[in-house]
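Peer 1: Pasted the sequence and its predicted model underneath.
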Amino acid sequence: MQQARELLGKVAADDQGSDALKVEESSAGLLGRIGVRHREHELGRDRNEATTQLRRLLIPIARSAPAATIPEADEPRKVAADLQARATALDRQIQAAKAGRALAIKRLAVGMRLSKRWASILCTRLRSFKRWALR
């Protein structure tokens with residue numbers, strides 16, 4: 001935990017240093033700006049390293065924390081998880097139906113020696129006719 005606090009302090013210090021460099025850059029000459037840019041890159045690299053190390057430390061801590069639950073929220077969470085599972089299953093069915101439709105159009109086009117476009121138009125017309133006939 002102490003290591004995480006130190007890294008968090010380092011990230012905050014790097015952010016403050018970066019802000020200070022931006023103010024300094026506006027008043028610096030050409031060579032000063034080059035130096036400021038170099039220092040900004042160093043601070044950015046240090047910040048990225050510290051952030052990566054901080055993530056490595058915090059992920060196990062977060063995973064080891066007990067799951068906070070509210071009894072009143074358990075039922076809606078279960079319902080939401082069930083709905084999500086149903087939505088995923090329906091998405092799979094839709095994808096399978098689309099793949100089946102594409103295959104049927106391809107087979108129809110090959111069998112009737114039609115282009116894919118004409119086969120698709122034919123399928124659409126047949127579907128419209130079927131709806132009309134079933135009224």
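Peer 2: That came in fine, so what should we check first? Numbering: from 1, shown residues only.
Peer 1: Can you show me the helices along the chain?
Peer 2: Remark: helices assigned in the chain by DSSP state H are 2-27, 30-64, 71-112, 116-133.
Peer 1: so can I have JSON lines of the ones you listed showing mean neighbour count and mean pLDDT?
Peer 2: From N, CA and C alone the C-beta is placed, and that goes for glycine too. Putting these into JSON lines (neighbours: other CB atoms under 10 Å; pLDDT from 0 to 100) gives the following:
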{"stretch": "helix 2-27", "mean neighbour count": "13", "mean pLDDT": "75"}
{"stretch": "helix 30-64", "mean neighbour count": "13", "mean pLDDT": "78"}
{"stretch": "helix 71-112", "mean neighbour count": "11", "mean pLDDT": "85"}
{"stretch": "helix 116-133", "mean neighbour count": "12", "mean pLDDT": "75"}
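Peer 1: my guess is L54 meets G9, correct?
Peer 2: No. Counting by CB atoms under 8 Å, L54 does not reach G9; the two are 10.4 Å apart.
Peer 1: which residues touch A80?
Peer 2: A80 makes no contacts at all, as judged by CB atoms under 8 Å, 6 or more residues apart in numbering.
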